[in-house]
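[1] sharing a sequence plus its predicted fold:
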Amino acid sequence: MSVQELLLETLEDLIEDDFKKLKWFLSMKIRDSCKPIPTSRLETASRIDTVRRMMESYSEDTAVSLTVEILRKMNHNEAAGRLESAYAGQKAATPATTPASSAAPAPAAPAPAAPGTISAEGGSVIIAPQLGSTSTSGTWNITINKMEVPPLILDTLDELGADEFKRFRWYLTQPVLAGCEPIRKVYLESADRQDTVSKMIDGYGAESAVNVTAEILKRMNHNSAVEKLKRRYAGVA
């Protein structure tokens, strides 16, 4: 089965709302190395069209791994595992051929010296790698990115019931924080959760969108959701 068929089979297992959510993730910056697919190329795309757009934009490996990552963000862990396993099995069944050579293989390069200090920017938690050397010289500077803001806010809105989400959108049309203009009702009255997040990012920027979300949740007495949002944005959880 080709990669396109594997991806199409995966997308066909998604219900319509989940498929729309996957396309929304494809239009967001999920990885620094993967350029988002423009919304205009995805908003009316069928499942077949979406697979075509992915193959036009990414390599086969990247298209599969990005789909797996998005499925996990959507809590479709079983579907992510199936796709990952099927793709790995396909690659194993068609190993790359290498020309025969009588030369002995080159010795493996020695492992770099392990640093004595590992530091992270932004106060993030690091799980240290296993290092093969006992040297303690040098310093490693590691930057750990926080979770992308649009998926973070979407996860938060997904936990609201329909009436609560409607109330949340109403607050967005009111003055909530100084410096953040209310979003016009016409842009929100028929907006789903993905559309609402997009309007917030467009109107406020990432940091202010998080602050507005936290303030509205506080007004709605969703204090545990506020704390969860703040922790995840800070990179703690």
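    Arrived safely.

[2] where do the strands sit along this structure?
    Along the chain, counting by DSSP state E, strands occupy 117-121, 139-143.

[3] worst average pLDDT in the ones you listed?
    Ranked by mean pLDDT, these bottom out at strand 117-121, which scores a mean of 40.

[4] for residue 196, see how far away the nearest residue to residue 28 once chain neighbours are set aside is.
    With sequence-adjacent residues excluded and distances taken as C-beta to C-beta, 6 or more residues apart in numbering, residue 28 is closest to residue 150, at 5.1 Å. In short, each C-beta sits where N, CA and C put it, glycine included. Here residue 150 is placed at a distance of 11 Å from residue 196 (C-beta to C-beta, to the nearest Å).

[5] okay, residue 20 and residue 214: tell me how far apart.
    26 Å.

[6] between the two, which has more neighbouring residues?
    Ranked by neighbour count (other C-beta atoms under 10 Å), residue 20 and residue 214 place residue 214 first, with 20 against 15.

[7] so what's the more buried one up against?
    Going by C-beta atoms under 8 Å, 6 or more residues apart in numbering, residue 214 touches 226, 229-230.

[8] for residue 83, same thing?
    6-7, 10, 64, 67-68, 71.

[9] of those residues, which belong to helices?
    Within the contacts of residue 83, residues falling in helices by DSSP state H are 6-7, 10, 64, 67-68, 71.

[10] any idea which of the residues you listed has the most stuff around it?
    Of the ones in helices among the contacts of residue 83, with other C-beta under 10 Å as the count, residue 67 tops at 27 neighbours.

[11] isn't that residue right up against residue 8?
    No - taking contacts as C-beta atoms under 8 Å, residue 67 lies outside contact range of residue 8: 10.8 Å.

[12] centroid residue for this structure?
    residue 30 (4.3 Å; C-alpha atoms, centre = their mean).

[13] next one: that one from residue 71, what distance?
    12 Å.
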